[in-house]
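> any chance you could fold what I've pasted below:
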Amino acid sequence: MRTMMRKLGLVAAVFAATLISSNGAAEEQSKQKVVTTNQVAMEIQENTRYLASQSLAKAKSLMEAYGDFAPFGAALLPSGNVQYVWAVKPGDDTEGVNPILVLNSVRRALRSQADQGRILGSAVIYKFKPENAVDANQINVELEYLTGFARVLGSHYKRTDEGYKYGEGAFEPYDPLIFPAIK
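Numbers count the residues shown, from 1 in each chain. As a prediction, the model looks like this:
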């Protein structure tokens, strides 16, 4: 009986030491998992730059292949994949297409996915020609992230004998349309 009590005492001591040790490890892990504001900001920046580059590359490939495209959208999924949203399929005739209706359709589709928590970020891509501009064409990419981050990227382009030439892009803030502002 005494041997049994000693064994139980030893098991209890080992168990207590394990608990203390694992509590210390759990506390250490929780300290390591604290996310800083800088880390969140970097993630938003990296994810939106990734989404912007994927969206702009898709727009450029459509321009090269078809010479035109209707407004379309892109969604950044939690897996890191980008899924495109089309109201008018690539290659379909864009003659007579009302770009405002197409933009609104794409935005509604992306907003629905955002409201359901299925996407981390969104992009709405369309061609833009400023008023009174003769030779100023640009592709706009409206970027949003679930945190309320919203910027539009404008990239100038022009058609040359060798194809399309694209200029540097510039970011500007704008009011989010896909993800509601965080309160």
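
> contact partners of stretch 49-58?
By CB atoms under 8 Å, 6 or more residues apart in numbering, the surrounding residues in contact with stretch 49-58 are 72, 74, 76, 82, 84, 121-123, 125, 139, 141, 143, 153, 155, 169. All C-beta spots, glycine's among them, are computed from the backbone N, C-alpha and C.

> now stretch 90-97
62, 65-66, 68-70, 72, 88.

> can I get those in TSV including distance to Asn47?
Below are the contacts of stretch 90-97 laid out as TSV (distance: CB to CB, whole Å):
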residue	distance to Asn47
Leu62	23
Ala65	27
Tyr66	28
Asp68	29
Phe69	24
Ala70	26
Phe72	19
Val88	27
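
> distance between the ends of stretch 139-158?
End-to-end span of stretch 139-158 (CA to CA, to the nearest Å): 10 Å.

> give the rounded mean pLDDT of that stretch.
The average pLDDT within stretch 139-158 is 92.

> can you give me the buried ones in it?
139-147, 149-157 (16 or more other CB atoms under 10 Å).

> and what of stretch 103-122?
For stretch 103-122, a neighbour-count test (16+ other CB under 10 Å) marks 103, 105-107, 109-111, 113-114, 119-122 as buried.

> kindly report the same for stretch 123-140.
Burial within stretch 123-140, assessed by neighbour count using 16+ other CB under 10 Å, is assigned to 123-128, 137-140.

> quick check: the two most widely separated of those residues?
Ala123 and Asn137 (18.8 Å; CB to CB).

> alright, calling it a day.
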